[in-house]
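Asker: I need the structure of the sequence given here:
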Amino acid sequence: MKRTNDGEPRRIVVISTGGTIASRWQGTGYAADASGSDVLATAPLPEGVTVEVVDLFNVNSSRMTSAHQLALLRTVQETFTDPGVDGIVVTHGTDTLEETAFLLDIHHTDARPIVLTGAQRPFGTGDGDGPGNLYDALQVAASVRELGVLVVFDGRVHAARGTVKTQTLAADAFSDPSTDRLGRVGFSRVDIERLPERPAPLPLPAAARTATPGATGPDATPLPRVDIVTHHSDGDPLLLNAAIAAGARGIVLEATGAGNATPEIAAAVADAVALGVLVAVTTRVPAGPLAEIYTGGGAVDLVAAGALLTGTLRAGQARIAVLSALLAEGDGATGVDPARRTALLRRLLDGPVRAEPALATGGSRSASAVATRP
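Answerer: Numbers count the residues shown, from 1 in each chain. As a prediction, this is how the structure comes out:
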């Protein structure tokens, strides 16, 4: 499907949040400090596109917090209350871009596009990729509709769901290791090669209306703690239990293989679920779905303990799904139905999951179940 900017006037709002695309040398290293207008001035504008800039905040994205992300979500939805806005581009650091993109996508109800982009090389460098990425993002935002939230980087168009940073320094920083790109952009043309699969979006959570980055004490909006715990060859329940003791209301267990850990960890998961903690299981493996194949602390036992498998979502985005389920159901509020909250998380985690041929044979009840679940 070819989407061409027809040159008709398009009004795009660029929301600047910092990152490498806005980073300048500080004497010992780079840090985000360039304004959105400074960043925009480095890029040509596609034909017919006018741009308004919102400087929301300016941080290296390794410092991104849930409060930052919820403030961005609120700003995006407020921006779309203006019917004259045709699309939004968010400039963002690459370290946590995948998490912010997925949070926005989970809550995006508008046909107009949200496009995230950034850079791998800092602002103002002679070989910088930021200007080209920003131009491409503006082109996509001016050309498409009804595709949800997109990531545009190095001439490629990706769906928010499943897209992760796969290169630390190379220009082609993002991909979905479990499926193909959504499309490509170049020469004033946007080619969309497939449509993204998205669950029904959620409404704006109450916490997003008041979340303020950097607020502390009584001024801070209470947000549920969601931690990621990685399993390894000497793994035990210590860190998982420590997260619960620290007040975590959600846990993402980054397991090995197709979703495996140990009997001791499976028992700790059961204890956490009994306390009302949401537990999702992802994997350290870059690509492919999780599947209930093994006992002995494997995915079979983890699911029996009450955990949910994340399909092809990896740790960062799985954490955003858990956080979104907690926020949607008012974690800590009186009368929250744990079964309903778990069902909501299951819906957010469900997606286009494909079983590997080897897993679809033999007696594995999980490979076919994971591959075909609605």
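
Asker: Let me know the average pLDDT across stretch 305-312.
Answerer: Per-residue pLDDT over stretch 305-312 has a mean of 98.

Asker: Can you give me the first-to-last residue distance of it?
Answerer: 20 Å (CA to CA, to the nearest Å).

Asker: quick one: that stretch to chain centroid distance?
Answerer: 17 Å (CA atoms, centre = their mean, to the nearest Å).

Asker: Tell me who's in contact with V279.
Answerer: For V279, the contacting residues are 250-253, 269, 272-273, 302, 305-308, by CB atoms under 8 Å, 6 or more residues apart in numbering. In short, each C-beta sits where N, CA and C put it, glycine included.

Asker: Who wins on neighbours among these?
Answerer: V252 (30 neighbours; other CB atoms under 10 Å).

Asker: and that one, what element?
Answerer: Here V252, judged by DSSP states H and E, is contained in strand 248-255.

Asker: Quick check: next helix or strand after that strand?
Answerer: Moving toward the C-terminus from strand 248-255, the next element (DSSP H and E) is helix 263-274.

Asker: buried set for that next one?
Answerer: Of all the residues in helix 263-274, those buried under the rule 16 or more other CB atoms under 10 Å are 265-266, 268-273.

Asker: All the helices of the stretch 101-250 of the chain, residue numbers only.
Answerer: Counting by DSSP state H, counting those that start in this stretch, the stretch 101-250 of the chain has helices at residues 130-141, 238-245.

Asker: Also the stretch 251-374 of the chain?
Answerer: All helices of the stretch 251-374 of the chain, identified by DSSP H, counting those that start in this stretch, fall at 263-274, 299-304, 315-328, 338-349, 365-372.

Asker: just so I know, which of those helices lies nearest T81?
Answerer: Of all the helices of the stretch 251-374 of the chain, helix 315-328 sits nearest to T81, with 21.0 Å by CB to CB.

Asker: Any chance you could give me the closest one in CSV, C-alpha atoms only?
Answerer: Output of helix 315-328 as CSV, limited to C-alpha atoms (Å, rounded to 0.1, in the frame of the first residue of the first chain):
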residue,chain,number,x,y,z
ALA,A,315,10.7,-7.2,29.0
GLY,A,316,10.3,-3.5,28.6
GLN,A,317,7.0,-3.6,26.7
ALA,A,318,5.7,-6.4,28.9
ARG,A,319,6.3,-4.1,31.9
ILE,A,320,4.3,-1.4,30.2
ALA,A,321,1.4,-3.8,29.7
VAL,A,322,1.5,-4.8,33.4
LEU,A,323,1.6,-1.1,34.4
SER,A,324,-1.2,-0.2,32.1
ALA,A,325,-3.4,-3.0,33.4
LEU,A,326,-2.8,-1.8,37.0
LEU,A,327,-3.5,1.8,36.1
ALA,A,328,-6.7,0.9,34.2
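
Asker: Contact partners for R198?
Answerer: 105, 148, 159, 161.

Asker: Could you count how many residues lie near A200?
Answerer: 8.

Asker: That one and L253, how far apart?
Answerer: 26 Å (CB to CB, to the nearest Å).

Asker: same deal with I265?
Answerer: In this view, I265 and L253 are 7 Å apart by CB to CB.

Asker: which residues do those two both contact?
Answerer: In contact with both I265 and L253: 231, 240, 302, using CB under 8 Å, 6+ apart.

Asker: Correct me if wrong: the last one contacts G257.
Answerer: So the one you mean is L302. No: the criterion here is CB atoms under 8 Å, and L302 misses it with G257 at 11.7 Å.

Asker: Quickly run through the sheet partners of the longest strand seen in the chain, with directions.
Answerer: Ranked by residue count under DSSP state E, the longest strand found in the chain is strand 49-59. Applying DSSP bridges, strand 49-59 is found paired with strand 10-18 (parallel).
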